[in-house]
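> no letters, just coordinates:
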């Protein structure tokens, strides 16, 4: 008896439906029932998953094929629930991909249709995630960061715009729960609407798009407010997409005019997932 007549593989209620595997970019998995319809024991060889439209990683072979683990032995009329997991390149676009799962024993092979659903993953990192610049009041500075797209959808980097400057060494403001009276609570509630004490840093950059699996250098020019005090260490938290980076702005003593400064880079606290 042919293997496809002796073995049944399924994970949906309707008979004959394709096996379904779902996961975010990078890791896809699913549970399937493996059933031996014969009275004889079956000794299975390593199975393989074929997905020509997907880029597979970690143990994948050429042509969109990856090995998957199945039980080596299946007793007569035995049914087992098997977890199958495999890795796909995180840059694969979200969508549904046709695939097939091929199992094999000493007497032949059996092929089962499958579908792989890759969900959307918006993920990025910024390197370095800390910059230190020196600029006088009213001055400007140049800087750059590298945006790494670690997901599977394009990331649009828009002009960054304005971000408040704060004193990183000052104690944070007391929240309304620390106030004893309603008037104090009302004042605290509206504190966030006040103008930043040290103004805002304005960051200009060109718009760019970072495709999945790639990185892009974002070069920018920042402008320090005219009325920022000299001899200060201030901090802004610019944001690109869903990530922020730390920008420390140091104004020299006396506020003397200085040329546009280049930033010094602190070591990134994030680990790049891939180059």
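Noted; the coordinates are in hand. In this text, all values refer to a predicted model and were calculated from it rather than measured experimentally.
> could you use CA atoms for every contact and neighbour count after this?
Fine.
> and the closest residue to residue 213 other than its chain neighbours, helix, strand or coil?
Counting by C-alpha to C-alpha, 6 or more residues apart in numbering, residue 213 lies nearest to residue 91, which is 5.2 Å off, once chain neighbours are set aside. Each residue gets one of three states, and residue 91 gets coil by DSSP: H, G, I helix; E, B strand; the rest coil.
> spatially nearest residue to residue 88, not counting backbone neighbours?
Nearest residue to residue 88 in three dimensions, chain neighbours excluded: residue 56, at 4.1 Å (C-alpha to C-alpha, 6+ apart).
> can you count the residues close to that neighbour?
Residues lying near residue 56 (other C-alpha atoms under 10 Å) number 25.
> thought it was touching residue 91?
No. With contact defined as C-alpha atoms under 8 Å, residue 56 does not count as touching residue 91 (10.3 Å).
> what number of residues lie near residue 100?
19.
> coming back round to it: number of nearby residues for the residue nearest to residue 213?
Number of residues near residue 91 (other C-alpha under 10 Å) recorded here: 21.
> can you start the count at 31 instead of 1 from here on
New numbering, starting at 31: the last item is residue 121.
> for it, list the residues it contacts.
55, 56, 180, 181, 182, 183, 242, 243 (C-alpha atoms under 8 Å, 6 or more residues apart in numbering).
> next, the buried residues of stretch 114-133.
Buried residues in stretch 114-133, counted by 16 or more other C-alpha atoms under 10 Å: 115-124, 128-133.
> tell me how far that stretch lies from the chain's centre.
Here stretch 114-133 shows a centroid-to-chain-centroid distance of 18 Å under the convention C-alpha atoms, centre = their mean, to the nearest Å.
> report the contact partners of residue 38.
Taking C-alpha under 8 Å, 6+ apart, one finds 63, 64, 65, 66, 67 in contact with residue 38.
> tell me which helix or strand the third one sits in.
It refers to residue 65. For residue 65, the host element (DSSP states H and E) is strand 57-66.
> average pLDDT for that strand?
Computed over strand 57-66, the mean pLDDT rounds to 90.
> quick one: contacts of that strand?
36-41, 49-53, 72, 104-118, 146, 148.
> sort out for me which of these are in helices.
residue 36 (DSSP state H).
> looking at the contacts of strand 57-66, which are in strands?
Using DSSP state E, the members of those that fall within strands are 37-40, 49-53, 72, 104, 109-118, 146, 148.
> show the buried residues in those residues.
37-40, 49-53, 72, 104, 109, 112, 115-118, 146, 148.
> helix or strand: which one has residue 151?
Going by DSSP H and E, residue 151 is not in any helix or strand.
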